[in-house]
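Peer 1: Give me coordinates for this.
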Amino acid sequence: MRTRRTTSRRSVPRRSAVTLIAAALCVLPGCGDDDDPISRAQDAARNAGAQAQQKAVEAVAVAALAAIDPDLARDPGRALVQARAVCAAIENQTANQAAAEARKRFSTGSVKVDEATAKDIVRTLRKDLCPRL
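Peer 2: Presented below is the predicted three-dimensional model:
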């Protein structure tokens, strides 16, 4: 006795053909999120917002360093590089080790950072700015 199949032989190839046609149509311009002007505008706005927020955090960091000692922020670009380096170095250090790192990073030929200033730098960076820089 023969059993009857519940699906016809044509259903699998038809499904495959429909899938291939749908995939082919999505390759054409205008298909997908990448070519959607609204999605691109939203992405650009998000990126601009994130960049503006990062610039604001950097400005606050430079201002905070200048409040500790104006010489620390004389060159804002260098101050940000040194602040990021201190943030990376002090993550798992004691207060004294972190202060030594800040002294090393922020001391230059014309600027000498003492222990109290180094502790202020670490306190300011660790508390508010390191997570955001």
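Peer 1: tell me the helices in the chain, going along the chain?
Peer 2: Counting by DSSP state H, the chain has helices at residues 11-27, 37-68, 76-90, 95-106, 115-124.
Peer 1: Looking at those, which is nearest to residue 131?
Peer 2: Of all those, it is helix 76-90 that lies closest to residue 131, at 8.5 Å by Cβ to Cβ. C-beta coordinates here come from the backbone N, C-alpha and C atoms, glycine included.
Peer 1: Okay, now the unreliable bits of the protein?
Peer 2: 1-35 (pLDDT under 70).
Peer 1: ok, now with 90
Peer 2: 1-50, 89-95, 108-111, 126-133 (pLDDT under 90).
Peer 1: quick one: stretch 124-133 to chain centroid distance?
Peer 2: 14 Å (Cα atoms, centre = their mean, to the nearest Å).
Peer 1: can you list contacts of that stretch?
Peer 2: 57-58, 60-61, 64-65, 68, 80, 83-84, 86-87, 90-91, 98, 102 (Cβ atoms under 8 Å, 6 or more residues apart in numbering).
Peer 1: just the buried members of those?
Peer 2: Those of the contacts of stretch 124-133 that meet the buried threshold are 57-58, 61, 64-65, 68, 80, 83-84, 86-87, 90, 98, 102, by 16 or more other Cβ atoms under 10 Å.
Peer 1: now the residues you listed as TSV including distance to residue 110?
Peer 2: Output for the buried ones among the contacts of stretch 124-133, formatted as TSV (distance: Cβ to Cβ, whole Å):
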residue	distance to residue 110
57	27
58	23
61	21
64	21
65	15
68	16
80	18
83	18
84	21
86	19
87	23
90	24
98	23
102	17
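Peer 1: Looking at the residues you listed, spot the one nearest residue 41.
Peer 2: Nearest to residue 41 among these, with distances taken as Cβ to Cβ, is residue 57, at 24.7 Å.
Peer 1: what about the nearest residue to that closest one once chain neighbours are set aside, neighbour count?
Peer 2: Leaving aside its sequence neighbours, residue 57 sits nearest to residue 132 (Cβ to Cβ, 6 or more residues apart in numbering; 4.5 Å). By other Cβ atoms under 10 Å, 13 other residues sit near residue 132.
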